[in-house]
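Asks: need coordinates for the following:
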Amino acid sequence: MKQTHDYVCDREGVFDKAMEMIKESKKRGYITLTNTTVYKQTDMDEVEALCELLASIKVDGLLISPGYHYESVQNDVFMTQEQIHEKFKRVRELSNRYRLTATPTFLEFAAGLIELRCSPWSTVNFTPMGWKGPCYLIGEKFFEDFHTFWNEMNWDYWETRQDRRCANCKMHSGFEYSAVEAASKSLRGMAQMAYWHFTGK
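Replies: Below you'll find the predicted structure:
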């Protein structure tokens, strides 16, 4: 909400401007989605209040995802897996009332109910320095061409999260493909995905 949002942005008025632009986007007929990152200090009651506010102005979807532990950020704001699980049990409850864009399978993963491999190659990133590997969060190496990037990267190492930087990562970008793939392997998962697709819950 306003106080937290402007504190994180380190500038007053950013929340009000964002809300103004969201309303303008809806007024002009655009599909409008929001993205909320959860950190260690995030108050889940405040997240629920945000969902209620955004639903009241008819936002088309809300993504809620745990933050990635960037080493360059010195403040102690990032969560352990256990802390992510606790907060995302609450997010799963919110998904029954609000149109969250994360799939049910991803939310089960974020809540610690199932395990998934990472899919770092599902959101590859091309930068001025070349293709960034293994994922857009970790610039282990940059490659000039896609063929070299694809064939020289040790995907099994990154998919199985052996690197210490992956230990607490449960970001939506790395696991949503894996969640969809896992759901497609069972009738229950496919039914759950179909229901989510048509109802948003």
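
Asks: contacts, neighbours, all on C-alpha from now
Replies: Will do.

Asks: can you pull out the strands in this protein?
Replies: If you assign secondary structure with DSSP state E, the strands in the chain sit at 33-38, 61-66, 125-127, 130-134, 139-143.

Asks: so what strands line up beside the third one?
Replies: Looking back up the chat, that one is strand 125-127. strand 130-134 (antiparallel) (DSSP bridges).

Asks: tell me what angle the partner strand forms with strand 139-143.
Replies: Regarding strand 130-134 and strand 139-143, their directions subtend 140 degrees when assessed with axes from the mean of the first three to the mean of the last three CA atoms, to 10 degrees.

Asks: list the buried residues of strand 130-134.
Replies: Within strand 130-134, the residues that qualify as buried are 131-134, counting by 16 or more other CA atoms under 10 Å.

Asks: one more: stretch 193-201?
Replies: By neighbour count, and taking 16+ other CA under 10 Å as the criterion, the buried residues in stretch 193-201 are 193, 196, 200-201.

Asks: mind listing what Q83 touches?
Replies: Taking CA atoms under 8 Å, 6 or more residues apart in numbering, we find Q83 in contact with K40.

Asks: for D10, same thing?
Replies: So D10 contacts nothing (CA under 8 Å, 6+ apart).

Asks: quickly note the distance from it to L94.
Replies: With distances taken as CA to CA, to the nearest Å, D10 is found 28 Å from L94.

Asks: among the buried residues of strand 130-134, which pair sits farthest apart?
Replies: Using CA to CA, the two most remote members of these are W131 and P134, lying 9.0 Å apart.

Asks: joint contacts of the two?
Replies: Taking CA under 8 Å, 6+ apart as the contact criterion, the common neighbours of W131 and P134 are V124.

Asks: mean pLDDT lowest for which of the strands of the chain?
Replies: For the strands of the chain, mean pLDDT drops lowest on strand 139-143, to a mean of 89.

Asks: quick check: pLDDT value at A49.
Replies: 97.

Asks: contact partners for the nearest residue to it once chain neighbours are set aside?
Replies: Leaving aside its sequence neighbours, A49 sits nearest to M1 (CA to CA, 6 or more residues apart in numbering; 7.7 Å). If you count contacts by CA under 8 Å, 6+ apart, M1 has them with 15, 46-47, 49-50.

Asks: mind checking which of those residues are in helices?
Replies: For those, the ones inside helices are 15, 46-47, 49-50, with DSSP state H as the criterion.

Asks: which one of the buried residues of stretch 193-201 is nearest to Q162?
Replies: Using CA to CA, M193 comes nearest to Q162 of these, at 29.4 Å.

Asks: the closest one against P104, yeah?
Replies: Yes: A contact is recorded between M193 and P104 when judged using CA atoms under 8 Å, the distance being 7.2 Å.
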